[in-house]
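Visitor: I would like to see how this sequence folds:
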Amino acid sequence: LVKNPSSNHLKKTIKLFSQINVKDENNPILFYFAGHGFQYLGENYMVPSDIHKFSANQFVSKSLSVSEVNYFLRSLSNPKILILDACREASLGENTLAISTGLNSQIAPP
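Guide: Okay, the predicted model is just below:
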């Protein structure tokens, strides 16, 4: 359980999470994110708690994308469930990325 992670903590945590030793490969792995999110160029991103410290051109690199989560979890053979409980309209300040009215739908890997 990680509460209000910074950008570095969010990215380090998913890397560590992907290295867990699961004894039963039939047990599903659940990744649940609750917070702010945005969609940019068809990719969904989870916003860290310290996003206000970064300039608008850093939002993408400092946030965690669903593709990054899938990348790190690829080594685990367990069934995976990813839940993004992210707001559909995030106001990240003036002159920031154009925030859509929702996250982009994605095709889940098997």
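Visitor: what helix or strand does residue 81 sit in?
Guide: strand 80-86 (DSSP states H and E).
Visitor: return the distance of the longest helix along the chain from the chain's centre.
Guide: Taking DSSP state H as the criterion, the chain has its longest helix at helix 7-17. Mean-position distance between helix 7-17 and its chain equals 10 Å (CA atoms, centre = their mean, to the nearest Å).
Visitor: in that helix, what counts as buried?
Guide: Across helix 7-17, burial judged by 16 or more other CB atoms under 10 Å covers 7, 10, 11, 14. C-beta here means a position set from N, CA and C on the backbone, and glycine is covered the same way.
Visitor: pLDDT of it, averaged?
Guide: Per-residue pLDDT over helix 7-17 has a mean of 92.
Visitor: list of residues touching the following helix or strand past it?
Guide: Per DSSP H and E, helix 7-17 leads on to strand 29-35 as the next helix or strand towards the C-terminus. When contacts are defined by CB atoms under 8 Å, 6 or more residues apart in numbering, strand 29-35 is touched by residues 14, 17, 22, 46-47, 49, 69, 73, 76, 78-87.
Visitor: can you select the buried ones from those residues in PyMOL?
Guide: A single PyMOL command selects the buried members of the contacts of strand 29-35 (16+ other CB under 10 Å):
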select buried, resi 14+46+47+69+73+76+80+82+84+86
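Visitor: got the angle for the strand holding residue 81 vs strand 29-35?
Guide: For strand 80-86 against strand 29-35, the angle by axes from the mean of the first three to the mean of the last three CA atoms, to 10 degrees is 10 degrees.
Visitor: check which helices and strands strand 80-86 is in contact with.
Guide: strand 29-35, strand 43-46, helix 66-73 (3 or more CB pairs under 8 Å, 6 or more residues apart in numbering; DSSP states H and E).
Visitor: export these to a markdown table and append columns for mean pLDDT.
Guide: Formatted as a markdown table, the helices and strands packed on strand 80-86 follow (pLDDT from 0 to 100):
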| stretch | mean pLDDT |
| --- | --- |
| strand 29-35 | 91 |
| strand 43-46 | 89 |
| helix 66-73 | 90 |
